[in-house]
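Enquirer: predicted coordinates and the sequence they were generated for:
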Amino acid sequence: MARRNPHRPFHPDPAQMALAPEVSGNAINGLGEVTQRRPRMVYWAPDPDSIPHGQMQRWFYSVNPDHPALVAARADRQKVLDAPLPDLAGPPVQHAPDDWTAALDAFVDDGTCEMTGVAEMRDDWVFEGHQIAQSRVIVLGVQHDYDAITQAPDPTAGGEVVRQYGRAAGAAKAVAGWLRQQGWEAEPVTGPMTGALALIPPALACGFGELGKHGSIINPELGASFRLSAVLTDAPFAPTPPRDFGIDAFCAACRICEDACPPMAIGPDKQTVRGVEKWYVDFDRCLPFFNQTHGCAICIAVCPWSRPGVGLNLAAKLARRAARD
Ligand code: SF4
Ligand code: SF4
């Protein structure tokens, strides 16, 4: 039975909806398409005028612009983004691929970020109309503060999201700088405007976890409550493998995020998106509430995997059950 939702019914702000384009975001995302293709940029475009939902993307920043949590987090993130990268040293330092990947973990171990992974670059992770030349994508994850994110949809949670985007950007720039000081070109990719790269697919490929019903990645250590950044490079890192914790099947039997989502953007079943059957959040339903609440985040806050100390126990329980079956 559905739980009572304090945010329903949701009435979108008419001023925002007046900016909605004719085309559906779900159509841009390829909902219902049975043929595989590269993704199209639907939101968080570096140039909002380049996408149909660009006016809605601009409107996002008009909501509560003076809230102290948002102002402080945005100012801190901008400082990180403005900081220059070190000059490229040369010639490139040589290590075996496994040693590069181990050195990356050692480099971030001071708390630069909470999780790393490496994937060999694939064209189908690159938005249509863009190209990425580098052979490797290093993915970095930073965890939200749980108490702050559970304030969602209060701006306190939005501020925490921006704060972690800033940390993720700092991690990407630190890793890129570390590589440049060893003679390797390295390009940081920071969110939410990630440019050419869709970040979730490489994160899944390099072991960050599984896609949850709420459209975010879940893993036992960080739950669903984290942000990503990346570094593009040709330094020959060994890829890290994908990881399966049984979360996909867990989601099939859970409906916490479905019940909690105010505009009912999360459905009970997987859908076909660009030729792949997967969990999918209805973009057109989500976006108005997301925009109106500085990034919402309710679905990642209520996900049981996000609660500190819960994810590892859940994963161990699922592993024991899988071993028995
Ligand atoms: S709340 Fe439940 S269904 Fe939703 S993503 Fe988390 S585990 Fe999956
Ligand atoms: S972020 Fe979107 S999908 Fe998640 S709860 Fe909010 S409105 Fe629903």
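Expert: Done, it's in. Since this is a predicted model, take the numbers as computed values, not measurements. Ligands and ions are numbered 1, 2, ... in the order given.
Enquirer: contacting residues for the residue nearest to Ala45 when sequence neighbours are not counted?
Expert: The shortest distance from Ala45 to any non-neighbouring residue, by C-beta to C-beta, 6 or more residues apart in numbering, is to Ile51 (4.4 Å). No exception for glycine: its C-beta is placed from N, CA and C like everyone else's. Counting by C-beta atoms under 8 Å, 6 or more residues apart in numbering, Ile51 touches 41-43, 45, 57.
Enquirer: next, format the residues you listed as TSV and append distance to Phe250.
Expert: Below are the contacts of Ile51 laid out as TSV (distance: C-beta to C-beta, whole Å):
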residue	distance to Phe250
Met41	31
Val42	27
Tyr43	28
Ala45	33
Gln57	33
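Enquirer: from those, which is closest to ligand 2?
Expert: Lowest distance from ligand 2 to the contacts of Ile51 (C-beta to the nearest ligand atom) belongs to Tyr43, with 11.6 Å.
Enquirer: list the residues that contact that closest one.
Expert: 25, 51, 53, 56-57, 283, 287.
Enquirer: how far away is the residue in the stretch 101-250 of the chain that ligand 1 sits nearest to from Gly311?
Expert: Residue nearest to ligand 1 within the stretch 101-250 of the chain (C-beta to the nearest ligand atom): Gly212, separated by 3.2 Å. Taking C-beta to C-beta, to the nearest Å as the measure, Gly212 falls 12 Å from Gly311.
Enquirer: that older thread, okay, the contacts of Tyr43 in CSV with pLDDT and distance to Leu31 next?
Expert: Putting these into CSV (pLDDT from 0 to 100; distance: C-beta to C-beta, whole Å) gives the following:
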residue, pLDDT, distance to Leu31
Gly25, 98, 9
Ile51, 98, 17
His53, 98, 15
Met56, 98, 18
Gln57, 98, 20
Phe283, 98, 8
Leu287, 98, 14
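Enquirer: closest one to Val108 out of the residues you listed, please.
Expert: Comparing those against Val108 with C-beta to C-beta places Gln57 closest, at 30.6 Å.
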